[in-house]
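In: Structure for the following, please:
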Amino acid sequence: MQIQVANRLQHTEEYYFSRKLREIEALNQTGEKVINLGIGSPDLPPHPSVIDTLHAYASQPDTHGYQNYKGILPLRQAIANWYSDWYGVSLDPNIHVLPLIGSKEGIVHVCMTYLQEGDEALFPNPGYPAYSAAVRLSGATGIPYELEEKNGWLPDLDELAKQDLSNVKMMWLNYPHMPTGTSATAAFFKEVVAFAKQYHILLCHDNPYSFILNDRPQSLLATEGAMDVAIELNSLSKSSNMAGWRVGMLVGAEARIREIIRFKSNMDSGMFFPAQMAAAKALSLGREWYDGLNASYRSRREKVYQLLDILGCTYSRQQVGLFVWAKIPASYLDGYALSDSVLRQSRVFITPGGIFGDRGSGYIRVSLCATTDVLDKAYDRLVNAQLKEADNI
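Out: Reported below is the predicted structural model:
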């Protein structure tokens, strides 16, 4: 019996990494294990005190029931304190903060709350594929705005203003930007807030990478007037090594929190209480934690630079975040061709930039979520593959 999927899925494919992981697993069964440098899943653990907190509360008999849809106050207060301490943003934990079961969940919640058929939403190209997918699932029309290296991977707001924006209800932003590692300037944030006010657009800023290899974490909400037109998603996945814990947050004006919880409260029944208490502990960690985390990533990044040099790629050393974005040499058709060649010859997987939109087709992205030993092994495989290729010429 054939059952037709809903129209909302007709043009929504399975997530690229979901398919690719199956291919990698099949390769693992046939020989040398693939070194996966594609996905940004932190391999380092959370701080020991965070795990201790989880264990302590999970050991109590009365902490396993359903929780408040808005999250517990200790977590909301910890989020507000974190925003105040690191971003200089004042939030009332009772009205401006909504914990999420991962910020990816929040992307869908936001789109389903505000978008419907006939609406349009802007999303970056290249950019995180979840933005366009969530817009499409909502029934709205996604409008990509192009980011280019020559413009510092920032949107050209003057060019955008020349388009018909009458049906645009939302604009997705993500700085530090994934996949390019670009940081936004305070001046750009000021310009985009003014742009949103002029055209009555809700800015949705996704901000999970602000602490990684970045000495000055920034929030869009620190911009004057941003709270009137913007909401921000954030996450503990990268900054606290808690990707599998699924702890994120949404912050914004009271009305936005109230509107989004109308949808969210129909989708889940709150986050596990011990996980919330552990997340609050993670948010209380000081600069020593982030400095140690970034020391590891800096040493790894140097290894990735060596990998990219072997491949003949070019890159900026000003990038931040959990990846290195690099332009491929002219000898390859696109990032897919380079990625497939490296996987076939070296059993090393790196992400083709085209999965983030056609403006990324001439690039690849390498994750820093591997130890220096693993990166050395990947380097050796690439060198050996090139030597074999040279011998066959």
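In: Count the residues that sit near Ala134.
Out: Using other CB atoms under 10 Å, Ala134 is surrounded by 26 other residues. (Glycine included, C-beta is placed from N, CA and C.)
In: Show me the helices in this structure, by range?
Out: Taking DSSP state H, the helices of the chain run over residues 16-28, 48-58, 73-82, 103-114, 129-137, 157-161, 186-199, 226-229, 254-264, 273-283, 287-311, 335-346, 372-392.
In: Make TSV from the ones you listed and add distance to Asn174 and mean pLDDT to it.
Out: Shown next, in TSV, are these (distance: least, CB to CB, whole Å; pLDDT from 0 to 100):
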stretch	distance to Asn174	mean pLDDT
helix 16-28	17	77
helix 48-58	26	98
helix 73-82	19	98
helix 103-114	10	95
helix 129-137	8	95
helix 157-161	16	96
helix 186-199	12	98
helix 226-229	15	98
helix 254-264	18	96
helix 273-283	21	98
helix 287-311	19	97
helix 335-346	19	94
helix 372-392	26	85
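In: Could you dump the ones you listed into a markdown table with distance to Glu146 added?
Out: A markdown table is the format used below for the helices of the chain (distance: least, CB to CB, whole Å):
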| stretch | distance to Glu146 |
| --- | --- |
| helix 16-28 | 20 |
| helix 48-58 | 40 |
| helix 73-82 | 33 |
| helix 103-114 | 21 |
| helix 129-137 | 13 |
| helix 157-161 | 9 |
| helix 186-199 | 16 |
| helix 226-229 | 22 |
| helix 254-264 | 28 |
| helix 273-283 | 36 |
| helix 287-311 | 24 |
| helix 335-346 | 17 |
| helix 372-392 | 31 |
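In: Relative to Val168, which of the ones you listed is closest?
Out: Val168 lies closest, by CB to CB, to one member of the helices of the chain: helix 186-199, at 6.8 Å.
In: how much distance is there from that closest one to the middle of the chain?
Out: 22 Å (CA atoms, centre = their mean, to the nearest Å).
In: i'd like the first residue to be 20 from this point on
Out: Taking 20 as the first residue, the last one we looked at is helix 205-218.
In: Show me what that helix is packed up against.
Out: Helices and strands touching helix 205-218, by 3 or more CB pairs under 8 Å, 6 or more residues apart in numbering; DSSP states H and E, are helix 176-180, strand 187-192, strand 221-225, helix 245-248.
In: redo that, cut-off 10 Å
Out: In terms of contacts (3 or more CB pairs under 10 Å, 6 or more residues apart in numbering; DSSP states H and E), helix 205-218 is packed against helix 176-180, strand 187-192, strand 221-225, helix 245-248, strand 249-254.
In: Need the CA coordinates for that helix. CSV is fine.
Out: Extracted in CSV, the C-alpha atoms of helix 205-218 (Å, rounded to 0.1, in the frame of the first residue of the first chain):
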residue,chain,number,x,y,z
ALA,A,205,28.4,46.1,15.6
ALA,A,206,27.9,48.5,12.6
PHE,A,207,26.3,45.7,10.6
PHE,A,208,24.0,44.7,13.4
LYS,A,209,22.9,48.4,13.7
GLU,A,210,22.2,48.5,9.9
VAL,A,211,20.2,45.3,9.8
VAL,A,212,18.1,46.4,12.8
ALA,A,213,17.3,49.6,10.9
PHE,A,214,16.5,47.6,7.8
ALA,A,215,14.1,45.3,9.7
LYS,A,216,12.3,48.3,11.2
GLN,A,217,12.0,50.0,7.9
TYR,A,218,10.5,46.9,6.2
